[in-house]
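1. predicted model follows, preceded by the sequence.
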Amino acid sequence: MAGRRGALIVLEGVDRAGKTTQCCKLVEALCDAGQRAQMLRFPERSTEIGKLLSSYLEKKSEIEAHAVHLLFSANRWEQVPLIKEKLSEGVTLVVDRYAFSGVAYTSAKKLQLADAAKREGFGCELYENQAFQKQVLQRFYQLMEDPTLNWKIVDASKSFEEVHEEIRTVSEATICTAAQRPLEELWK
Ligand code: ADP
Ligand code: 2DT
């Protein structure tokens, strides 16, 4: 009999929601409990495409909006063989952003163009300003209306431990469910 496959667990949210912190804590907790789990992040800045994206996000270079959207997408596609290999080996992948960020940030950007004059920039990276983040959040809420997606909303304003417990409980249930189901495409 084939071994149990791993689950793909994606944490999405606005900047500084606590995604990176919680991905690390979840991987650590799963590994401590004897499960095989690894973390991935998008953009993955170490690849050639990732370096272009990193420079763009750090405002060191400009890239046309459609082109940068496709680079973010390509940056995910270049990791897909690895993702499939790990999942089929039974490794659960905890992913810091995925294609939902791709949609939410690009579509929020269209809105942002109309609002550009009102915006203030207080962060180091390109998208780190409050007006833009509000638009991104709206986009995430719209994506959550898709009933084919297995979203779970977590209140990121709670303490580190409370957020972690909530994510861990949901993830453990998801790992069990995923083990019974064949690998499908993430999202169409
Ligand atoms: P993200 O990956 O979503 O951008 P981070 O995990 O990098 O967010 O966290 C951003 C900042 O918020 C960090 O300084 C982190 O220590 C802090 N932080 C994360 N989760 C919480 C929480 N539940 N309560 C208070 N501060 C938090
Ligand atoms: P962090 O590394 O701090 O998460 O910032 N982004 C991400 C997009 O615009 N499109 C995408 O497809 C993805 C995955 C979100 C990364 C920034 O890049 C944005 C914030």
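-> Nice, thanks for sending it over. Ligands and ions are numbered 1, 2, ... in the order given.

2. give me every residue in this protein lying close to ligand 2.
-> For the chain, the residues in contact with ligand 2 (C-beta under 6 Å from any ligand atom) are 15, 42-43, 57, 72, 97, 101-102, 105, 127. Bear in mind the C-beta positions are built from the backbone N, C-alpha and C, glycine included.

3. from the residues you listed, which single one is nearest K158?
-> D15 (18.0 Å; C-beta to C-beta).

4. okay, now the unreliable bits of the protein?
-> When the per-residue scores of the chain are filtered using pLDDT under 70, the ranges that remain are 1-2, 111-123, 188.

5. which stretches of this structure form helices?
-> In order along the chain, the chain carries the following helices (DSSP state H): 19-32, 48-57, 65-77, 80-88, 99-115, 130-144, 160-179.

6. closest to R4 out of those helices?
-> For the helices of the chain, distance to R4 was read as C-beta to C-beta. The smallest value, 3.9 Å, belongs to helix 160-179.

7. tell me which other helices or strands that closest one touches.
-> strand 8-11, helix 19-32, strand 92-96 (3 or more C-beta pairs under 8 Å, 6 or more residues apart in numbering; DSSP states H and E).

8. quick one: closest of those to ligand 1.
-> Go through the helices and strands packed on helix 160-179 one by one with C-beta to the nearest ligand atom and the one that ends up closest to ligand 1 is helix 19-32, at 3.3 Å.

9. ok, that closest one near ligand 1 or not?
-> Yes: Helix 19-32 lies in contact with ligand 1 when judged by C-beta under 6 Å from any ligand atom; the contacting residues are 19-21.

10. of those residues - the most surrounded one?
-> K19 (22 neighbours; other C-beta atoms under 10 Å).

11. that one contacts G13, doesn't it?
-> Yes: the criterion here is C-beta atoms under 8 Å, and K19 meets it with G13 at 5.5 Å.

12. for P43, what are its contacts?
-> For P43, the residues meeting the contact criterion (C-beta atoms under 8 Å, 6 or more residues apart in numbering) are 50, 53-54, 57, 72, 75, 97.
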